[in-house]
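In: Sequence plus predicted model, see below.
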Amino acid sequence: GQQVMQIPQYQHVQEGEDFTTYCNSSTTLSNIQWYKQRPGGHPVFLIQLVKSGEVKKQKRLTFQFGEAKKNSSLHITATQTTDVGTYFCAGLWSSYKLIFGSGTRLLVRP
Amino acid sequence: NAGVTQTPKFQVLKTGQSMTLQCAQDMNHNSMYWYRQDPGMGLRLIYYSASEGTTDKGEVPNGYNVSRLNKREFSLRLESAAPSQTSVYFCASRGGGQLPGGYTFGSGTRLTVV
């Protein structure tokens, strides 16, 4: 079936350190989306990647989509306490069915 | 503010009881979705509606039914609640067009079945 694997499950960093989470699919994706969920909150859309090899940046966040459109990564440079939360990738195969990875929970020590 | 509204925010049910979770969006989005999230896990798709008048099963549809009442509203019904359905339920919607964007989520319904 359609599955998205995400690692690591947890990451505990010192404020100022970098953070990366990885996402993999066994089949080619139409596109991939990234979401952030704060503790007790709901997922909030961050970005969508559509093209093979695409790289997008949002301030300290860098998103990449693999050449084969089967993997993706989110890299945060110089983490801040406001970055705390769970980051989810979500793969889209058809136009309507978004399947989420299990998420990476980021904890930041001040 | 524009967005996705879910009711109720919290609910406790006894095993075997039924209930309907309500969801409404005011962004004129075509597609709507129901997800469940269990502690420490990702979101799993229960049902979705690509457009008004259509519904389809997601990853975990058993024990649930849905109704796309109109373009704005998409409800989720538990006919006979079970403890395994204790979860946080999120409704989401997404616009259409040539390159639809991300999903907008509601704030969730925290359901406990005892």
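Out: Right, received. Where do you want to start? It should be emphasised that the depicted structure is a prediction, and the values quoted were computed from it without experimental measurement. Numbers count the residues shown, from 1 in each chain, chains lettered A, B, ... in the order given.

In: Tell me the bridge partners for the closest residue to chain B within chain A.
Out: Of all residues in chain A, residue A:45 sits closest to chain B, at 2.9 Å by Cβ to the nearest Cβ. For every residue, glycine as well, the C-beta is placed using N, CA and C. Following DSSP bridges, residue A:45 is listed with bridge partners residue A:35.

In: do you know how far the residue nearest in space to the middle of chain B is from residue A:63?
Out: By Cα atoms, centre = their mean, chain B has its centre lying nearest to residue B:34, at 2.8 Å. Remark: distance between residue B:34 and residue A:63 (Cβ to Cβ, to the nearest Å) = 27 Å.

In: Where do the strands of chain A begin and end?
Out: Ranges of strands in chain A, per DSSP state E, are A:4-7, A:10-14, A:19-25, A:31-37, A:44-49, A:55-58, A:61-65, A:71-76, A:85-92, A:98-100, A:104-109.

In: re earlier: touching, the residue of chain A closest to chain B and residue B:104? I think so.
Out: Yes: Residue A:45 is in contact with residue B:104 according to Cβ atoms under 8 Å; the separation is 7.1 Å.

In: where does the chain dip in pLDDT?
Out: Defaulting to chain A. A:1, A:95 (pLDDT under 70).

In: Actually, chain B is the one I wanted.
Out: Within chain B, the stretches with pLDDT under 70 are B:1, B:96-100.

In: quick one, strands of it?
Out: B:4-7, B:10-13, B:19-25, B:31-37, B:43-49, B:56-57, B:64-68, B:74-78, B:87-94, B:104-105, B:109-113.

In: What helices and strands are in contact with the first one?
Out: The reference is to strand B:4-7. When contacts are defined as 3 or more Cβ pairs under 8 Å, 6 or more residues apart in numbering or on different chains; DSSP states H and E, strand B:4-7 sits against strand B:19-25, strand B:87-94.

In: The shortest one versus strand B:31-37: what angle between them?
Out: Here the directions of strand B:19-25 and strand B:31-37 differ by 130 degrees (axes from the mean of the first three to the mean of the last three Cα atoms, to 10 degrees).

In: count of neighbours near residue 15?
Out: Using chain A here. Using other Cβ atoms under 10 Å in any protein chain shown, the number of residues around residue A:15 comes to 12.

In: not quite, I wanted chain B
Out: If we define neighbours as other Cβ under 10 Å, then residue B:15 has 11 of them.

In: and the gap between it and residue B:82?
Out: For residue B:15 relative to residue B:82 (Cβ to Cβ), the value is 6 Å.

In: Show me whatever sits in contact with both of the two.
Out: Among the neighbours of residue B:15, those also in contact with residue B:82 (Cβ atoms under 8 Å, 6 or more residues apart in numbering or on different chains) are residue B:113.

In: Get me the contact residues on chain A for chain B.
Out: Proximity of chain A to chain B (Cβ under 8 Å from any Cβ of the partner chain) is limited to residues A:1, A:6, A:33, A:35, A:41-48, A:50, A:88, A:90, A:95-103.

In: picking that back up, the strands of chain A: which one's closest to residue B:50?
Out: Minimum separation from residue B:50 across these (Cβ to Cβ) falls at strand A:98-100, 12.0 Å.
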